[in-house]
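J.: what follows is a protein structure lacking sequence information:
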């Protein structure tokens, strides 16, 4: 049996402060709130781009003890998003800095971004949100 290759529909992230994270993701990714989705013990807020090609669902869970994210625990390591070119990554560096995501030698604390790393598999810009969730933008190699 052949099955269709799935495409990413959304990224769902648990955050400590839903309102602060909604504001940050709206500013940084240009997202708008689509709807709230209540669930037992919390609330999910669906944030989408104008063309609905990018969606994050930010979740508040009543049981969240408030610790920052760490990719070294079992679960999410990081979401990886793709842009068309390395020049797009350079534009993102400036965009992130304009929104309080400061350049650093390594993106190893909240609201920091690494330098662009040029690897055999493409160029990569790593940055972190206010909850320390690592996000990655990549451009694939050309040619």
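T.: That came through fine. In this text the structure is predicted, and so the values were computed from the model without any measurement. Residues are numbered from 1 along each chain as shown.
J.: in the protein, what spans have low per-residue confidence?
T.: Applying pLDDT under 70 to the predicted model, the residue ranges of the chain that meet it are 3-4, 143.
J.: quick one, strands of it?
T.: If you assign secondary structure with DSSP state E, the strands in the chain sit at 11-14, 32-39, 42-48, 55-61, 80-83, 102-103, 112-113, 117-119, 122-128, 134-139.
J.: elements contacting the third one?
T.: Strand 42-48 sits against helix 18-29, strand 32-39, strand 55-61, with contacts defined as 3 or more CB pairs under 8 Å, 6 or more residues apart in numbering; DSSP states H and E. Backbone N, C-alpha and C define where each C-beta goes, glycine included.
J.: quick one: closest of the strands of the chain to residue 5.
T.: Smallest distance to residue 5 across the strands of the chain (CB to CB): 15.1 Å, for strand 80-83.
J.: pull the residues that contact the closest one.
T.: If you take CB atoms under 8 Å, 6 or more residues apart in numbering as the criterion, strand 80-83 is touched by 54, 89, 92, 135, 136, 137, 138, 139, 140.
J.: between the residues you listed, which is nearest residue 120?
T.: residue 140 (11.1 Å).
J.: how is this protein partitioned into domains?
T.: Per automatic domain parsing, the structural domains of the chain span 11-61, 80-139.
J.: pipe these into TSV and attach mean neighbour count and distance to residue 1 per row.
T.: Below are the domains of the chain laid out as TSV (neighbours: other CB atoms under 10 Å; distance: least, CB to CB, whole Å):
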stretch	mean neighbour count	distance to residue 1
domain 11-61	16	28
domain 80-139	16	29
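J.: would a markdown table of these with distance to residue 72 be doable?
T.: Converted to a markdown table, the domains of the chain look like this (distance: least, CB to CB, whole Å):
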| stretch | distance to residue 72 |
| --- | --- |
| domain 11-61 | 16 |
| domain 80-139 | 11 |
